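A.B. asks: Return atomic coordinates for the entry below.
(2 chains)
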Number of protein chains: 2
Amino acid sequence: MNAKEQFIATQAKVDEAAIAPLPNSRKIYVEGSRPDIRVPMREISQADTPVSSFANTRTEPNPPIFVYDCSGPYTDPAAKIDIRSGLPALRAGWIAERGDTVQLADLSSEYGRQRAADPALDELRFPGLHRKPLRAKAGANVTQMHYARRGIITPEMEYIAIRENLRRAEYIESLKNAGPTGQKMAAVLGRQHPGQNFGASIPGEITPEFVRDEVARGRAIIPANINHPETEPMIIGRNFLVKINANIGNSALGSSISEEVDKMTWSIRWGGDTVMDLSTGKNIHETREWIIRNSPVPIGTVPIYQALEKVDGKAEELTWEIFRDTLIEQAEQGVDYFTIHAGVLLRYVPLTANRLTGIVSRGGSIMAKWCLAHHKESFLYTHFEDICEIMKAYDVAFSLGDGLRPGSIYDANDEAQLGELKTLGELTDIAWKHDVQVMIEGPGHVPLHMIKENMDLQLEQCKEAPFYTLGPLTTDIAPGYDHITSGIGAATIGWYGTAMLCYVTPKEHLGLPNKQDVKEGIITYKLAAHAADLAKGHPGAQIRDNALSKARFEFRWEDQFNLGLDPDKAKEFHDETLPKDSAKVAHFCSMCGPHFCSMKITQDVRDFAAQQGIAEEAALAKGMQEKAVEFVKSGAEVYRQV
Amino acid sequence: MNAKEQFIATQAKVDEAAIAPLPNSRKIYVEGSRPDIRVPMREISQADTPVSSFANTRTEPNPPIFVYDCSGPYTDPAAKIDIRSGLPALRAGWIAERGDTVQLADLSSEYGRQRAADPALDELRFPGLHRKPLRAKAGANVTQMHYARRGIITPEMEYIAIRENLRRAEYIESLKNAGPTGQKMAAVLGRQHPGQNFGASIPGEITPEFVRDEVARGRAIIPANINHPETEPMIIGRNFLVKINANIGNSALGSSISEEVDKMTWSIRWGGDTVMDLSTGKNIHETREWIIRNSPVPIGTVPIYQALEKVDGKAEELTWEIFRDTLIEQAEQGVDYFTIHAGVLLRYVPLTANRLTGIVSRGGSIMAKWCLAHHKESFLYTHFEDICEIMKAYDVAFSLGDGLRPGSIYDANDEAQLGELKTLGELTDIAWKHDVQVMIEGPGHVPLHMIKENMDLQLEQCKEAPFYTLGPLTTDIAPGYDHITSGIGAATIGWYGTAMLCYVTPKEHLGLPNKQDVKEGIITYKLAAHAADLAKGHPGAQIRDNALSKARFEFRWEDQFNLGLDPDKAKEFHDETLPKDSAKVAHFCSMCGPHFCSMKITQDVRDFAAQQGIAEEAALAKGMQEKAVEFVKSGAEVYRQV
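C.D. replies: Sure thing, here's the model as predicted:
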């Protein structure tokens, strides 16, 4: 036993880095229609702006802004964090009051019971779970889609509506009330470029009814297993903010339970909207339990990975029975979405024979091997309706896997890939027949100009079920930088309509990501998702850009750092050049020094105008009038009304 | 005097990191129509692929591939490198034989002569220049555009044609001759997706005549000052490979001459196609001399920066005379292109008053201040034809600066920016009247969906003069990651038609980039430029992707590292997880371990077929025939002919 495996449950501790406060930030909760709907946001406060005019100096407040917060109770100083107890079950009451679930006497999964009974695992086992698993009552369907289609707005839906709006209206209001120029400030800081959204239907404000309607028509999903009541409801759909997923998980080559829990808390701190546990190493079951119990974000898995471990890695020995037991095992732990590679059909496999990089999806290659070995369609496909029955008994969402996604630019958009996509569209219909929520996984490696085709086909064939893509990587030639080759593709496909972007770390193709790589991947994908939101014209998306740019222009360095996605790194970079604290109020950038700071010069330009005793715009216009006849003729038109 | 300034010319040494050999790489020279046209490329050799079938094992060679090489003699072990002597003047003969230049007895610039005569600078001064400056003979025009328009194919143009083709035809030929499956290999590895090029005119092969024609019509430029004979000719134009620029330069806050020379050699090692020296600190003149004499790539500057230093940072005291002397000073040192912010007109300045971030271009803000202080158009605009006269006497190309580029998402594509762009189009016509080469600088901060408008307007208003953009950054919210926010925009605008991408480092907005930041910026921009080449369908662009993907699929780890843009980092990342040398031949990825490697499983699928004693494709088809009637009916169609 090496050092990594010396994990003892009773001594497990939260990663201190996960609970450190974020600078100038405060966790707030926005209450909904009932006191148990409390939606977390991060409020970032800012310094005032000093304003000088005619020898008077006053200050103008910069109201705090509100940003989406995935970090859960960890960043709430009032929350008691003990990872041995797990997070509070905030949805438990909502689930119970629907009255459509039963508490089971024991786990339904044979494997789950074996693990629970194995004394050798006592030392590892999560000690904090004292409730029994839930399942839908016989004949009941507990999916959010099912409720939505019956016209029910669940507390989860209301929670999401509040969350997606990010107190936009309140922020604009606070600007208006911020001193004499508040009206103008609100007009400027609330302004946003009209987007280009390729047929999306993004409303000005998200209402609970809109959330319900989007879920009902399958255009969005709420991954929310009834056995994961700790989750803070979130939504994935093209008409909502673009989300990102972070992959974690151990492998045969390393990493322990505590490392994986740390990666999860680290991922959500920096903005992971969901986390996939892709463990393929030891103690997959116990690792997952620790992760789920401590995760405020939905957890996804690829159940075939664990099933394969159960047959010692021999794909051809996989059976429906083993797989079924694995699904139930994981569903009763609380996994919120399952990647299921049911679209890997027998007839598609030969289409991969002439590929440059064959089948690169692990799940896809496992199923292809099974299909060939048995010369028949996989149990994922033949038992798809049986799987739906399981999904709807726990509200696990499908993430229909793209087992035949291209693994190289060469293989992009080939027949195998597009054939599978068509099948995923057919499976979507079947899942929807059962009111089971579905998203669709997408590539992979695709050159920039071939990305649109992926999105267009997906929207058409999967009828706007949310698309969830891995990148795509836009070139193969930069191992070590594939977070960037794929971040380019991710921003692009997010703009076109992809609902969630699966991150890629710098270690992709090369090794297992460490915490630093996880953070690098997350921040890259957060900025890509945000670039997509801006391009789609998502309401309010530009508020954070505007606030940060104003801080930058006014040399409010700390605010510039804090409004960014990674305040720590921004501050660290700044301090490398100008380490003194006084530099944080320096009215020039550390890049250029005082003479060459264009922002300083711009300020001089404005001051120059102000010195003449008239308002800046008028001063500029006056100068023009005196000296430039041509300009006078059209002068009245050159000022934009803000 | 601090440690940084203790630079002593006679003890200057090349950065060892710049001359270390790149793994499995060899510098080759492709000879043109005359022995002094020797075009450098980097040849990357690869391991053989072992092929097993029917108990026989043979190997199939993977011929070396050729990649564009900006690194100059530094990576040639046969070259003698002494930065005190500078690089060989490889173009000196070509310039001389054109017979249109005169050698000057002394520097024409007053400031240049002062610096040369100042004994206090002796210790710093570059000691290796023993030739006199050149200038066009009276009435002559020595620009590459002038020759091109007279139908002359210069050695520079032929050099570029060879360079841009990258021995593509020879590589495909070498594949065909690589064993029994060579024809198939050539068809696969030479295959490329058709691009989407938005009206570009990219030929299948670059000929010297095509280079001439593109330069003649102004659609491409060859920055090649007659006083920079050390430069290895390269071209910037939408119908050629997308290029990238790296900015270096000291500031009032730090860095020495040797650090700047090191940054230049470091930049070109990783792929900087041109380097801009943006120094604004001490000893700008001497620093530039060291850089140019040791640079095999074109050097660009923003002369107004140095001019401003000459008037102690007081923009309003700038005069045409000071600026003119600066242009001549720099032209006689050998600067290949000048950024000139001649489009900042008086009437555009008030258009910036309502911006969120004012004027963020340093040059733009200097000129705006000058314009306001004097209430007239700048000397850059009023003396534009005088500037053209200087440019054509040395063949310095214009990089018409976008002094009013947006500094925030909020300010993107506003009237000030687009007004200036129109003026730049008018100035392009004037420069072209003088046969002076022109490229146009572009933004800046622009959301993804507003990038296309920039490119479309630039192509129209500047008549396809090459566009040279800074990013654009697609969001403002990620300080510390602006190489990525801008890499997304750079790949996108490169795809749309931008000819050169100016890099952004992670320190953008925060501090001065160090060597690590420079490399991070360069690799990010190389991959963005390459993603653009793939999307445009640039001939042969996919060769490197295909070769790398084949190496990846065959677990040729070292080849995968070496074919990438940064072999050092790829190897380092791999070694973190699987440090042993044996892991470099491991037939599984370090991410997943042996059970879960999809590439290994794909190989198993193929082996499974091979075991049946028939060829892989036939085996797959046979399996289908036996078991799946449906498939048989359409089986003949499912194999793609390679």
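A.B. asks: ok, then the element right after the helix or strand hosting residue A:307?
C.D. replies: Under the criterion of DSSP states H and E, residue A:307 resides in helix A:303-310. Toward the C-terminus, helix A:303-310 is succeeded by helix A:320-333 as the next helix or strand (DSSP H and E).
A.B. asks: Mean confidence (pLDDT) on that following helix, please.
C.D. replies: The pLDDT scores in helix A:320-333 average 98.
A.B. asks: re earlier: give the rounded mean pLDDT of the helix holding residue A:307.
C.D. replies: 96.
A.B. asks: do stretch A:532-541 as well
C.D. replies: 97.
A.B. asks: likewise stretch A:384-394?
C.D. replies: For stretch A:384-394, mean pLDDT rounds to 98.
A.B. asks: So for it, what gets flagged as buried?
C.D. replies: For stretch A:384-394, the neighbour count (16 or more other C-beta atoms under 10 Å in any protein chain shown) marks A:384, A:387, A:388, A:390, A:391, A:392, A:393, A:394 as buried. (C-beta placed from N, C-alpha, C; glycine too.)
A.B. asks: If we ignore the residues flanking it in sequence, what's nearest the fifth one?
C.D. replies: Closest residue in space to residue A:391, ignoring its immediate chain neighbours: residue A:436 at 4.5 Å, by C-beta to C-beta, 6 or more residues apart in numbering or on different chains.
A.B. asks: Likewise for the fourth one?
C.D. replies: Leaving aside its chain neighbours, residue A:390 sits nearest to residue A:327 (5.1 Å; criterion: C-beta to C-beta, 6+ apart).
A.B. asks: cool, the third one as well?
C.D. replies: In space, and not counting its chain neighbours, residue A:388 is closest to residue A:434: 4.0 Å by C-beta to C-beta, 6+ apart.
A.B. asks: Mind pulling the model confidence for that neighbour?
C.D. replies: So residue A:434 comes in at 98 (pLDDT).
A.B. asks: how close does it sit to residue A:384?
C.D. replies: Applying C-beta to C-beta, to the nearest Å, the value for residue A:434 to residue A:384 is 10 Å.
A.B. asks: again, but for residue A:138
C.D. replies: According to C-beta to C-beta, residue A:138 and residue A:384 sit 21 Å apart.
A.B. asks: With residue A:435 instead?
C.D. replies: From residue A:435 across to residue A:384, the span is 15 Å (C-beta to C-beta).
A.B. asks: which residues of the stretch 151-300 of chain A score low on pLDDT?
C.D. replies: A:253-255 (pLDDT under 70).
A.B. asks: For it, which segments are assigned as helices?
C.D. replies: A:155-165, A:168-176, A:182-189, A:208-216, A:257-270, A:284-293 (DSSP state H, counting those that start in this stretch).
A.B. asks: which helices and strands does the fourth one pack with?
C.D. replies: In this structure, helix A:208-216 packs against helix A:144-149, helix A:155-165, strand A:220-221, with contacts taken as 3 or more C-beta pairs under 8 Å, 6 or more residues apart in numbering or on different chains; DSSP states H and E.
A.B. asks: Go again with 6 Å.
C.D. replies: helix A:144-149, helix A:155-165 (3 or more C-beta pairs under 6 Å, 6 or more residues apart in numbering or on different chains; DSSP states H and E).
A.B. asks: Can you list the buried residues in that helix?
C.D. replies: Buried residues in helix A:208-216, counted by 16+ other C-beta under 10 Å: A:208, A:210, A:211, A:212, A:213, A:214, A:215, A:216.
A.B. asks: Any part of the helix or strand encompassing residue A:493 near chain B?
C.D. replies: If you go by DSSP H and E, residue A:493 is part of helix A:482-496. Yes: Helix A:482-496 is in contact with chain B by C-beta under 6 Å from any C-beta of the partner chain, via A:484, A:485, A:487, A:488, A:491, A:495.
A.B. asks: residue of the stretch 101-250 of chain A with the smallest distance to chain B?
C.D. replies: Taking C-beta to the nearest C-beta, chain B has its nearest neighbour within the stretch 101-250 of chain A at residue A:196, 4.0 Å off.
A.B. asks: Look up phi and psi at the closest residue to that residue other than its chain neighbours.
C.D. replies: Nearest residue to residue A:196 in three dimensions, chain neighbours excluded: residue B:449, at 4.0 Å (C-beta to C-beta, 6+ apart). Dihedral angles of residue B:449 (phi, psi; degrees, to the nearest 10) stand at phi -80, psi -10.
A.B. asks: Please name the residues that touch residue A:79.
C.D. replies: Neighbour list for residue A:79: residue A:73 [criterion: C-beta atoms under 6 Å, 6 or more residues apart in numbering or on different chains].
A.B. asks: quick revisit: give me the number of residues near the residue of the stretch 101-250 of chain A closest to chain B?
C.D. replies: 16 (other C-beta atoms under 10 Å in any protein chain shown).
A.B. asks: and the gap between it and residue B:380?
C.D. replies: Residue A:196 is 36 Å from residue B:380, by C-beta to C-beta.
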